[in-house]
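Q: Dropping a prediction and its sequence here:
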Amino acid sequence: MANQKNNIIIEQSSEDNNLPKVFLHGPPKFSIVLQPKPSHNFHILNPSSHPPLHEFIALNPHHASSITAVVCTGGFPVNAEVLQLLPSLRLVCTPSAGTNHIDLFECLRRGIQVSSAGNLFSEDVADLAVALLIDVGRKISAADRFLRSQLQKPWDFPLGSKLTGKKIGIVGMGRIGLEVAKRLEAFSCMISYNSRNKKPLLSYPFFSSVLELATNTNVIILCCDLNDQTRHIVNKEVMLALGKGGIIVNVGRGALIDEKELLKCLIEGEIGGAGLDVFENEPHVPKEFFSLDNVVLSPHKGALTSESLIGISQLVEQNLKAFFSNKPLLTPVI
Ligand SMILES: O=CC(=O)O
């Protein structure tokens, strides 16, 4: 049964009323994309009929203690303020690989379990990283615009730069970084990396700072998590060290780069180009990027393919089922 109040439909009761509740904390289309199936041991609050979390709890205070799990996507933080609203919360399940929108310390302190996409997106993100790199270097999108404009003769289009044999620096040698390295080895690139720790099993050269990595490479590809240690890990000094022909690819999080400095360096020709799937203040994309032919932009879709979407909706469901059957999560973060 439902009741209409202020044009918002509020769930009042249902046959699943005694079951623990799962709240889908995301954009309006979130539930359509994830399509979670009903279960006999938890009840998913109908997302098409509920407003955002704060409003929902204000209108339905009894649900503050019935919501046991939250499924949340990036852009919909589960921070200390949100966690405070949900005293019975025991699981935060995100369909993303990154967890920077979740207050992991507070979850740990409260004994709330967290699951993520784990390794599910690594290949897709790595594919996009390499695609962006080739696009920036060989100017594919720029060439496409050039031809479609029909303003000049095809042979007037400027030359791009070769990928084969380039020195590539990967920042973050986790699952995505490794997939990127694997792909670029096929282009005879020389891989080196920076990450929190040197990986004893990897033979690629390790640099303990991003500055050193940039000094010794032609390209840097950002594949690491965003946290207090990695925010603006690519600053002006790093960009100047990479140099005028250098390319930056970011498939991690926008705030890994000082975006204002990036724009300046691109406009002033201090670096060669950038391929960006992520931005510092998403969904905002600074319009100064739009007129730069040495930049290729992508709307934070690195992880998402038709195949990965099916995979992630299954994984979310499996994690929910595992949690509510007192089994270990499939892709635990903590
Ligand atoms: O950005 C996408 C993800 O973290 O999965």
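A: Perfect, I can see it now.

Q: ok, so what distance separates the most centrally placed residue in the chain from the ligand?
A: The chain has residue 98 as the residue nearest its centroid, 5.3 Å off, counting by Cα atoms, centre = their mean. To the ligand, residue 98 is 3 Å away according to Cβ to the nearest ligand atom, to the nearest Å. Every residue, glycine included, has its C-beta placed from N, CA and C.

Q: got it, and residue 81?
A: Taking Cβ to the nearest ligand atom, one finds residue 81 at 22 Å from the ligand.

Q: Run a quick neighbour tally on that residue.
A: 11 (other Cβ atoms under 10 Å).

Q: pretty sure it is in a strand, no?
A: No: read with DSSP: H, G, I helix; E, B strand; the rest coil, residue 81 is helix and lies in no strand.

Q: For the stretch 51-200 of the chain, which segments count as helices?
A: 53-59, 80-85, 104-110, 122-138, 140-149, 175-185 (DSSP state H, counting those that start in this stretch).

Q: Show me which residues of the longest one are buried.
A: When you say that, I think you mean helix 122-138. 122-137 (16 or more other Cβ atoms under 10 Å).

Q: tell me the angle of that helix relative to helix 140-149?
A: Per axes from the mean of the first three to the mean of the last three Cα atoms, to 10 degrees, the angle that helix 122-138 makes with helix 140-149 is 60 degrees.

Q: Now do helix 122-138: which elements does it pack against?
A: Secondary-structure packing of helix 122-138 (3 or more Cβ pairs under 8 Å, 6 or more residues apart in numbering; DSSP states H and E): helix 175-185, strand 219-222, strand 247-250, strand 273-276, strand 295-297.

Q: wait, does it make contact with the ligand?
A: No: judged by Cβ under 6 Å from any ligand atom, helix 122-138 stays clear of the ligand, getting no closer than 7.2 Å.

Q: returning to what we had before: any chance of the helices of the stretch 51-200 of the chain in CSV, plus mean pLDDT and distance to residue 31?
A: Formatted as CSV, the helices of the stretch 51-200 of the chain follow (pLDDT from 0 to 100; distance: least, Cβ to Cβ, whole Å):
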stretch, mean pLDDT, distance to residue 31
helix 53-59, 90, 14
helix 80-85, 96, 18
helix 104-110, 97, 23
helix 122-138, 98, 22
helix 140-149, 97, 33
helix 175-185, 98, 27
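
Q: Next, the residue lying closest to residue 44 once chain neighbours are set aside: secondary structure please.
A: Spatial nearest neighbour of residue 44, chain neighbours left out: residue 22 (4.7 Å); criterion: Cβ to Cβ, 6 or more residues apart in numbering. What three-state DSSP gives for residue 22 is strand.

Q: list the contacts for residue 22?
A: Going by Cβ atoms under 8 Å, 6 or more residues apart in numbering, residue 22 touches 36, 42, 43, 44, 45, 67, 68, 69, 70, 71, 320.

Q: quick one: it and residue 280, what's the gap?
A: 31 Å (Cβ to Cβ, to the nearest Å).

Q: same deal with residue 269?
A: Residue 269 is 22 Å from residue 280, by Cβ to Cβ.

Q: can you put the helices of the stretch 51-200 of the chain in a markdown table and add distance to residue 225?
A: Converted to a markdown table, the helices of the stretch 51-200 of the chain look like this (distance: least, Cβ to Cβ, whole Å):
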| stretch | distance to residue 225 |
| --- | --- |
| helix 53-59 | 24 |
| helix 80-85 | 19 |
| helix 104-110 | 10 |
| helix 122-138 | 13 |
| helix 140-149 | 28 |
| helix 175-185 | 10 |
